[in-house]
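**Student:** using only what follows, build the 3D model:
(chains A and B)
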2 protein chains.
Amino acid sequence: MSQHRKMWEELGLDLELHDQLIENQSNLHKKTHLSQKNRPKSMERFDNSFHASHAERVAEILEYRKKGGKSIGTFCIYVPDEIALAADVLPIPLCGGSDWSVSYADKMFPRDICPIIRSTFGMAFSNTCPYKTLKDFALGETTCDAKKKAWDLLGFKVMEVPQKKNPIDRGLWLQEVYNFRDMVENLSGVKVTPKKLRETIKLVNRRRKALQRINEFRKLPDPPISGLDALLVSQVALNQDIHKFIEDTEALADELQKRADSGLSAYNSDGIRVMIAGSPSPMGNAKIHYIAESSGLRIVIDESCTGLRYYRDLVDENQKDLDGMMKAVADRYFAIDCSCFSPNTERIDSIHQLVKDYKVQGVIQNILMYCHTYNIEAKLVENILKKMGIPSIKIESDYSQEDVGRIRTRIEAFSEVIKESS
Amino acid sequence: MSQHRKMWEELGLDLELHDQLIENQSNLHKKTHLSQKNRPKSMERFDNSFHASHAERVAEILEYRKKGGKSIGTFCIYVPDEIALAADVLPIPLCGGSDWSVSYADKMFPRDICPIIRSTFGMAFSNTCPYKTLKDFALGETTCDAKKKAWDLLGFKVMEVPQKKNPIDRGLWLQEVYNFRDMVENLSGVKVTPKKLRETIKLVNRRRKALQRINEFRKLPDPPISGLDALLVSQVALNQDIHKFIEDTEALADELQKRADSGLSAYNSDGIRVMIAGSPSPMGNAKIHYIAESSGLRIVIDESCTGLRYYRDLVDENQKDLDGMMKAVADRYFAIDCSCFSPNTERIDSIHQLVKDYKVQGVIQNILMYCHTYNIEAKLVENILKKMGIPSIKIESDYSQEDVGRIRTRIEAFSEVIKESS
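**Tutor:** Okay, the predicted model is just below:
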């Protein structure tokens, strides 16, 4: 029995089912990412991190916890990493992207809710999630109805993300950020000091800057990295040790710079430049990205929580005292333009700007099924794009592979529409 | 051309489509409510109010507005009527319950959102809603993802209902109630004075007390009013002039008292006592109620916004000054145990108590399709009922008549389960 299998057994995993999950995910990764030509060599690092997410990374966290380290499970990019890290608490984002586990959630959850929740808890319920016992508590938030009520059902702690961006909402959010500080301090017994928070603000900003560097290359006429690979980098960002991630990402960025200098493209042929907008694609799910790029499109920007929303805004590093820093952290997260806000005009403005900055010729609105907020907001996105003369298509889908053919047909037709309108 | 047809034409309605809608609704009402034996005579008043909702009631509001009266459209029982009325503004709840109009919403909204939104805006988009122009503005709220984002799309004003019930949320809600006061004062130019607010608090409480009186009779071993009719009373409460409603409802209550005194039941035969819990059933929709009662069940309590949640809590009438009254109003609405809250333990406790008070033998969880909050919370409801030994069934459905047969089969099987377990 290999070392990892021993670890999985110790963690209480159902080894047989877990093998199926791993095989399923590896095969998919092979078919999608590894089948690309012209990949940057450094993408190997991220392929490895993808495979390590249930193996070496788990061993790392297990080791960390055995030494007394504390960790929490999270499900949304609204949970401020800086504050957790400043209290020596490791935040572990747990959103699942695997179709394989979805149906295991049916004993607890309705089928007509978003696949992120079903995939995540399908893994937990089927004993194939190695992170299940690797946390001191799970922390949900209130960014959508289905997640909000899932936390109630599971008895998780919840951070309240308000629904508007008025001054009183900002006040509520700041208090929630302080409450979060108290939560992690109580967990680890480590005080969030100005010195420590200053360090973690800079550290998490470095991760964002590394991602910004990667994504900046996608503005080039011939992007040296594919959309599929850029997504993988973002997905790995959520799982990997932050220092290792920054190192790998900077190495990739250096390689991309060289490729850009020598005009080396990630793509074999010309292709239409598209944006993916809407719902996130957690690790394991790259379905729409794969269909689009294997249909000859180039995804040059991801307007999602596994894209721009994760790295766009930095926390102000110029605050002197703890309260100033706490407010800077709160403000940075409050600036995220999730569709949970009413209204969410910042998002519409951002999409308008991104189309220009990335020379986008068409937009694919990637809406996870039953995600009401992105699904309804899609009409506002469509409207602004129409005004700009940019064709868009809305694809509602889950993680399943059953509708791949139908989506491919729609995307191919969409390509023709863009060609005609360009 | 009749007087009402002239009015509809003036209001810009599509007369032909509107005729279809009215015919559809009348036929349904005939088939469901009017087919009941042993109805209280006073239910005629409510049948008339049902028919008047697109006719005499519209004429009344039109007349009121012609004389300079102000009105607003609302979509949720969180909007405090007391405050609107104290500023001489008439709140008109606009939630649609008609299946007929649902598909007309498709040009703007996804199909996989709740039928309330689709029905309501289907009427507006098909020019069959006479209330469309009978308001100065529409006021939405943030109680669910689909409604919240619908308001953004339609550019409506929005009242923020927070997602938790912590002190800071209570503060936010109180501010929203003050903002609402400012909105209606600005609209009408009429100040909300302590004297006026004291009056409207008492008036709206009287409506609640009248509803409480009706529903109290449903605790009897032989309820003198059916669940189908009790629902109609609640539905009419949302549309009718408040004074007329109180008068009609008190008259009905007096009749029910007589029926109760002489042991006159609304039902022909014995039947199992059930609770309907979950999503609301706006006027036009009584589908689950009809199926259940025509399958021999007795609905003795509605745990919904078109039931208990609308009338259970009174506003404290003992406050002396304006701020005290405003807070009393805010507190009353904040006590509503909508599934939008996380956690929502008050609702679970309430269901526990209702089962005892109404001698409930089984619970039908009536979940409008794609209503994530009630759908997921259903598991917590199921759990508490299981602990109490009370069978429950969850029915996810929309307004369409297509699944009536399937639901009837399920409800019949459910009756057998209850009989066996009782």
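**Student:** make it CA atoms for all contacts and neighbour counts henceforth
**Tutor:** Fine.
**Student:** residue boundaries of the strands in chain A?
**Tutor:** Taking DSSP state E, the strands of chain A run over residues A:70-74, A:89-93, A:137-141, A:157-159, A:272-278, A:297-303, A:362-368, A:392-397.
**Student:** what packs against the second one?
**Tutor:** Here strand A:89-93 touches strand A:70-74, helix A:81-86, helix A:167-188, helix A:227-239, going by 3 or more CA pairs under 8 Å, 6 or more residues apart in numbering or on different chains; DSSP states H and E.
**Student:** now do 6 Å
**Tutor:** The contact analysis (3 or more CA pairs under 6 Å, 6 or more residues apart in numbering or on different chains; DSSP states H and E) places strand A:89-93 against strand A:70-74.
**Student:** before we move on, what about the fifth one?
**Tutor:** Based on contacts counted as 3+ CA pairs under 6 Å, 6+ apart, the elements that strand A:272-278 packs against are strand A:297-303, strand A:362-368.
**Student:** and those strands as JSON lines, adding distance to chain B and mean pLDDT?
**Tutor:** Below are the helices and strands packed on strand A:272-278 laid out as JSON lines (distance: least, CA to the nearest CA, whole Å; pLDDT from 0 to 100):
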{"stretch": "strand A:297-303", "distance to chain B": "19", "mean pLDDT": "98"}
{"stretch": "strand A:362-368", "distance to chain B": "11", "mean pLDDT": "98"}
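**Student:** if you compare the ones you listed, which one is most tucked away?
**Tutor:** strand A:297-303 (a mean of 27; mean count of other CA atoms under 10 Å in any protein chain shown).
**Student:** may I have that strand as PDB, with CA atoms only?
**Tutor:** Provided in PDB are the C-alpha atoms of strand A:297-303 (Å, rounded to 0.1, in the frame of the first residue of the first chain):
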ATOM      1  CA  LEU A 297     -12.100  29.900 -29.700                       C
ATOM      2  CA  ARG A 298      -9.500  31.700 -27.600                       C
ATOM      3  CA  ILE A 299     -10.500  32.500 -24.000                       C
ATOM      4  CA  VAL A 300      -8.600  35.600 -23.200                       C
ATOM      5  CA  ILE A 301     -10.200  36.600 -19.900                       C
ATOM      6  CA  ASP A 302     -12.300  34.900 -17.100                       C
ATOM      7  CA  GLU A 303     -14.800  37.200 -15.500                       C
END
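**Student:** what inclination does it have with respect to strand A:362-368?
**Tutor:** Angle, strand A:297-303 to strand A:362-368, by axes from the mean of the first three to the mean of the last three CA atoms, to 10 degrees: 60 degrees.
**Student:** and strand A:297-303, which strands flank it?
**Tutor:** Paired neighbours of strand A:297-303 in the sheet (DSSP bridges): strand A:272-278 (parallel).
**Student:** any idea how far the strand it pairs with is from the middle of the chain?
**Tutor:** Relative to its parent chain, strand A:272-278 has a centroid offset of 16 Å by CA atoms, centre = their mean, to the nearest Å.
**Student:** now swap in stretch A:54-62 and tell me
**Tutor:** 20 Å.
**Student:** and residue A:375, how many neighbours?
**Tutor:** Using other CA atoms under 10 Å in any protein chain shown, residue A:375 is surrounded by 27 other residues.
**Student:** quick one: contacts for the closest residue in space to it that isn't next to it in sequence?
**Tutor:** Leaving aside its sequence neighbours, residue A:375 sits nearest to residue A:367 (CA to CA, 6 or more residues apart in numbering or on different chains; 6.0 Å). For residue A:367, the contacting residues are A:278-279, A:395-396, by CA atoms under 6 Å, 6 or more residues apart in numbering or on different chains.
**Student:** now do residue A:367 against residue A:394, distance only.
**Tutor:** Distance from residue A:367 to residue A:394, counting by CA to CA, to the nearest Å: 7 Å.
**Student:** so which bits of chain A are right by chain B?
**Tutor:** Chain A comes close to chain B at residues A:145-146, A:149, A:152, A:343, A:372-373, as judged by CA under 6 Å from any CA of the partner chain.
**Student:** by proximity to chain B, which residue of the stretch 201-350 of chain A wins?
**Tutor:** Closest residue of the stretch 201-350 of chain A to chain B, CA to the nearest CA: residue A:343 (5.6 Å).
**Student:** for that residue, which non-adjacent residue is spatially closest?
**Tutor:** residue B:152 (5.6 Å).
**Student:** so which of the contacts of residue A:367 is the most crowded?
**Tutor:** Highest neighbour count within the contacts of residue A:367, by other CA under 10 Å: residue A:278, with 27 neighbours.
**Student:** give me the pLDDT value at the residue nearest to the spatial centre of chain A.
**Tutor:** Closest to where the C-alpha atoms of chain A average out (CA atoms, centre = their mean) is residue A:306, at 2.8 Å. Note for residue A:306: predicted pLDDT of 97.
**Student:** check the one 4 residues further on too.
**Tutor:** Predicted confidence (pLDDT) for residue A:310: 98.
**Student:** how many neighbours does it have?
**Tutor:** For residue A:310, using other CA under 10 Å, the count is 22.
**Student:** residues near residue A:228, how many?
**Tutor:** The number of residues near residue A:228, taken as other CA under 10 Å, comes to 23.
**Student:** please name the nearest non-neighbouring residue to residue A:311.
**Tutor:** Using CA to CA, 6+ apart and skipping the chain neighbours, the partner closest in space to residue A:311 is residue A:208 (4.5 Å).
**Student:** need the contact partners of stretch A:411-422.
**Tutor:** Stretch A:411-422 has contacts (CA under 6 Å, 6+ apart) with no other residue.
**Student:** how about that stretch: buried residues?
**Tutor:** For stretch A:411-422, a neighbour-count test (16 or more other CA atoms under 10 Å in any protein chain shown) marks A:411, A:414-415, A:418 as buried.
**Student:** distance to residue B:43 and pLDDT for the residues you listed - can I get that in JSON lines?
**Tutor:** Listed next are those as JSON lines, based on distance: CA to CA, whole Å; pLDDT from 0 to 100:
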{"residue": "A:411", "distance to residue B:43": "56", "pLDDT": "98"}
{"residue": "A:414", "distance to residue B:43": "56", "pLDDT": "98"}
{"residue": "A:415", "distance to residue B:43": "60", "pLDDT": "97"}
{"residue": "A:418", "distance to residue B:43": "60", "pLDDT": "96"}
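**Student:** so of these, which ones are in helices?
**Tutor:** A:411, A:414-415, A:418 (DSSP state H).
**Student:** what's the closest of those residues to residue B:108?
**Tutor:** Nearest to residue B:108 out of these is residue A:414 (CA to CA; 20.6 Å).
**Student:** can you count the residues close to residue A:182?
**Tutor:** Neighbourhood size, residue A:182 [other CA under 10 Å]: 17.
**Student:** same check on residue A:10?
**Tutor:** Neighbour count for residue A:10, taken as other CA under 10 Å: 10.
**Student:** distance of it from chain B?
**Tutor:** Relative to chain B, residue A:10 is positioned 31 Å away (CA to the nearest CA, to the nearest Å).
**Student:** pLDDT below threshold where in chain A?
**Tutor:** Along chain A, segments meeting pLDDT under 70 span A:1.
**Student:** let's go with 90 and repeat that
**Tutor:** A:1-2, A:268-269, A:421-422 (pLDDT under 90).
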